[in-house]
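J.: this is a predicted model, with the sequence first.
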Amino acid sequence: MSEIPVESTAKTVWDETGELPRRKAAQAERASRVRAVGGGVLATCIGLAMFHFGHVRAAVVPLVIGPSTIVAGALLASARFQAARRLVDRSTELLGTFFAWVFLGPVYVLVVAPMGLVRRARGRDALKIRSDRATSNWRPAELEGSTERTF
Amino acid sequence: MRILGISALYHDAAACLVEDGRIVAAAEEERFTRRKHDSSMPVNAIRYCLSAGGIGPGRALDAVAFYDKPLRKFHRLLETYLEVAPRGFSSFAKAMPAWFGEKFWVEPTVLGTLAELGVELDRVHFLEHHRSHAASAFFPSPFREAAVLTIDGVGEWASASLAVGEGSSLTMLEQQDFPHSLGLLYSAFTYFTGFRVNSGEYKLMGLAPYGEPRYVDTILDKLVHLNDDGSFRLDLSYFGFLDDLRMTNDKFASLFGGPARAPEAPITARERDLARSIQEVTERIVLKMARHARERTGKRHLCMAGGVALNCVANGRLLREGVFDDLWIQPAAGDSGGAIGAALGLWHKLTETAREPSGEDAMQGALLGPEFPDAQIKAFLDHHGYPYRTLTDDERPGAIAALVADEKVVGLFQGRMEFGPRALGNRSIIGDARSPRIQSQMNLKIKFRESFRPFAPAVLEERVSDYFEIDRPSPYMLLVAPVQPSRRLPESGDEHSLDVKAWVNRPRSDVPAITHVDYSARIQTVRRDVNERFWAILKAFEARTGCGLVVNTSFNVRGEPIVCTPEDAYRCFMRSEIDALVLGPYLLVRGDQPVWQDGPRGAVALD
């Protein structure tokens, strides 16, 4: 227990002159620029590699997104370029989706989907989607785990 | 013992500081970053809470509590993908980067954030999501014993839970699991009627009285298998949230006669009827769950939390049906309130201190956020050269009341910022509830929001029964009650054939601005010892006009979080058509201000 009464020290008046929110915003903007340019360069390289190895049609996607992200990221240096900011946001989102599909597609196809199909064939119904309707869908609460664990 | 509670990474990130069982400070991150429903790690809210508690050199933080168990949540996600495979790749590809990017690393992120702020801890405590909600509902409540019902979209596995609170103990009894979720069902209809999930639910609730409940049977026959104890099973073949990025699918659309309404498209009778129908179904489910809670626990009082507990229409009905003697709802019932629950839950668990409720709740009117001293406000105004008039404490309530009585719309910025989704008088826009034009003016020219949406009254607690059919306080705007019949104007009978805009502009009572089309109102009662400054304004307005209530809506425009700082308030004032702004003791009138360069609305996106 604290030996100091709350009332004696509790400070509710907040001094917003601390620069943290603005500094964080500036850091976030810098990080977004770095991400945009870095992601753009990576996408361009992947596109060039795909082009080199003959996947001409597929290479169009990274070759369009990549350079436009680099340009938009570079333009972000000025706060006046709201349109560039939106373009960067959209492009990084598209890049993220592109990379997620490239890297996670094989995982899903080779691991998740077969495992799921096997489990379903064995009759597992973890979400109780297919099982018979019950008179109650309440169940005993999960035992309280240790607060020191994340599961 | 000082405990920091954190909720983050899904929506409405927030932080809260509890010291010796008392809530010292709480704030949502969105207020500082100005991004609505900001889900990022609440660095600014943490910083504020630590500052409010004087945490720093010589005054340590003892523990930090996070409001859910990330790995248990990930397990549920994984089970879902295995269940729906080979479908579900688009959702999988969207979710996984977020998990590997941040959600797996909650502990190092939190500890790193605290270290940056000069606070060294070696561990984060994790509480289950619904335990955090239940703790946020029970521990600050005025009840010594109560049943506790939490209902939301989903936590780890649970979508609803039933617990019993006795003194300082909180025992979780039962839960209903994902994907059978009332929160997700309501959100599915929110999505289908063209509103944004996790933010447009209250719009759907506001739209409901304009419609007829003609889809209730369809919903209960096809979508929901409802049991007598309030538990239910959804027919997942109609929903998209398991395996897609949409909440509903084509089968759902076929059931309700066509595709989902596009955002911002005109609202048709179908959307109105869907809103009314899902509201009716929601109320039935909540009532059955509450009856089950009463039977299961035998307690006379009920505490509630979780996003569904923000459905104040259902709450009002629950109160009127008399299932429990009394009801207390956590004002920040959504995920932001999880920060309070995590901190209070951990404090009670670690200290096992006896809990002695005083008969009042422990939320302090939800006024838990930052406040700004007069000198700081004055410095801001002087620095920018904004013209203002200084009001003395004596003349302030009367001056504001005079403006409101003159049908002026006033932005009110005073004292500590509210915690939770409602502005309760310290970051509010107020207007004259007797004026027939105020609702339309405030919706369209000030808040820039949909014309159908109702406004809430803030009423002197001692006069609430003069205006509304309710016999108890509702300090957090979480109960809806009918306007007294003696104050109503008769309906003409053709209302349902009108379009929403024409209907909303018809006066329905002698306080038309706060009377919804079904004669209901979402009430906030104001008491002197909770918020004296706001109470004084209402009292002055009553002395001038005889009317003991005003319109109270949050100080923001559509798509923007409620204002936090004097600068936010001034910007919002100038971007909208608010007539006057009160910043602490300083009164600013629109006509005196320099031309605002940013133009109306600025760069705020629609919600």
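T.: Structure's in. What do you need? In this text, all values refer to a predicted model and were calculated from it rather than measured experimentally.
J.: tell me where chain A has helices.
T.: Taking DSSP state H as the test, the helices found in chain A are A:6-9, A:20-52, A:56-75, A:82-107, A:113-121.
J.: most tightly packed of the ones you listed?
T.: Of all the helices of chain A, helix A:56-75 carries the top mean neighbour count, a mean of 18, counting by mean count of other Cβ atoms under 10 Å in any protein chain shown. From N, CA and C alone the C-beta is placed, and that goes for glycine too.
J.: quick one: list the elements packing against that one.
T.: Counting contacts by 3 or more Cβ pairs under 8 Å, 6 or more residues apart in numbering or on different chains; DSSP states H and E, helix A:56-75 packs against helix A:20-52, helix A:82-107.
J.: among these, which is nearest chain B?
T.: When these are compared by Cβ to the nearest Cβ, helix A:82-107 sits nearest chain B, at 4.3 Å.
J.: can you tell me the centre-most residue of the chain?
T.: Defaulting to chain A. residue A:96 (7.7 Å; Cα atoms, centre = their mean).
J.: wrong one, I was asking about chain B
T.: Geometric centre of chain B, nearest residue: residue B:421, 3.2 Å, by Cα atoms, centre = their mean.
J.: what is the least confident helix or strand in chain A?
T.: Across the helices and strands of chain A, the lowest-confidence element by mean pLDDT, DSSP states H and E is helix A:6-9, at a mean of 37.
J.: so, low pLDDT: which residues of the stretch 501-607 of chain B?
T.: Along the stretch 501-607 of chain B, the model assigns pLDDT under 70 to residues B:598-607.
J.: mind running it again at 50?
T.: B:602 (pLDDT under 50).
J.: got the phi/psi numbers for the residue in it that chain A sits nearest to?
T.: Of all residues in the stretch 501-607 of chain B, residue B:565 sits closest to chain A, at 5.5 Å by Cβ to the nearest Cβ. For residue B:565, the backbone dihedrals (degrees, to the nearest 10) come out as phi -110, psi 170.
J.: I'd say it and residue B:376 touch.
T.: No. If you go by Cβ atoms under 8 Å, residue B:565 and residue B:376 don't touch, sitting 9.2 Å apart.
J.: look at those two and report which has more neighbours.
T.: Comparing residue B:565 with residue B:376 by other Cβ atoms under 10 Å in any protein chain shown, the one with more neighbours is residue B:565, at 21 against 18.
J.: do you know the pLDDT at residue 100?
T.: Picked chain A for this. Looking at residue A:100, its pLDDT reads 83.
J.: could you do chain B instead?
T.: For residue B:100, the predicted pLDDT is 90.
J.: and it, how far from chain A?
T.: 10 Å (Cβ to the nearest Cβ, to the nearest Å).
J.: using PDB, write down the CA coordinates of the helix or strand that residue falls within.
T.: Secondary structure assignment for residue B:100, by DSSP states H and E: helix B:89-101. Taking C-alpha atoms only, helix B:89-101 is exported to PDB below (Å, rounded to 0.1, in the frame of the first residue of the first chain):
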ATOM      1  CA  PHE B  89      -7.100 -16.200 -47.100                       C
ATOM      2  CA  SER B  90      -7.900 -12.500 -47.600                       C
ATOM      3  CA  SER B  91      -8.700 -12.100 -43.900                       C
ATOM      4  CA  PHE B  92      -5.600 -14.300 -43.000                       C
ATOM      5  CA  ALA B  93      -3.300 -12.100 -45.100                       C
ATOM      6  CA  LYS B  94      -4.700  -8.900 -43.500                       C
ATOM      7  CA  ALA B  95      -4.500 -10.200 -39.900                       C
ATOM      8  CA  MET B  96      -1.100 -11.800 -39.800                       C
ATOM      9  CA  PRO B  97       1.100  -8.800 -40.500                       C
ATOM     10  CA  ALA B  98      -0.600  -6.900 -37.700                       C
ATOM     11  CA  TRP B  99       0.100  -9.900 -35.300                       C
ATOM     12  CA  PHE B 100       3.700 -10.200 -36.300                       C
ATOM     13  CA  GLY B 101       4.200  -6.500 -36.500                       C
END
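J.: just the buried positions in that helix, please.
T.: Buried residues in helix B:89-101, counted by 16 or more other Cβ atoms under 10 Å in any protein chain shown: B:89, B:91-93, B:95-97, B:99.
J.: ok, stretch B:491-504 next?
T.: So for stretch B:491-504, counting by 16+ other Cβ under 10 Å, buried means B:500, B:503-504.
J.: which stretches of the stretch 1-150 of chain B form strands?
T.: B:2-7, B:14-19, B:22-28, B:63-66, B:125-126, B:145-151 (DSSP state E, counting those that start in this stretch).
J.: hmm, back to that, can you put the helices of chain A in CSV and add distance to residue B:430?
T.: Output for these, formatted as CSV (distance: least, Cβ to Cβ, whole Å):
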stretch, distance to residue B:430
helix A:6-9, 31
helix A:20-52, 28
helix A:56-75, 43
helix A:82-107, 33
helix A:113-121, 55
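J.: of these, which shows the lowest average pLDDT?
T.: Looking at these, the bottom one is helix A:6-9 with a mean of 37.
J.: so where does residue B:436 fall, helix or strand?
T.: Remark: residue B:436 resides in no helix or strand, with elements defined by DSSP H and E.
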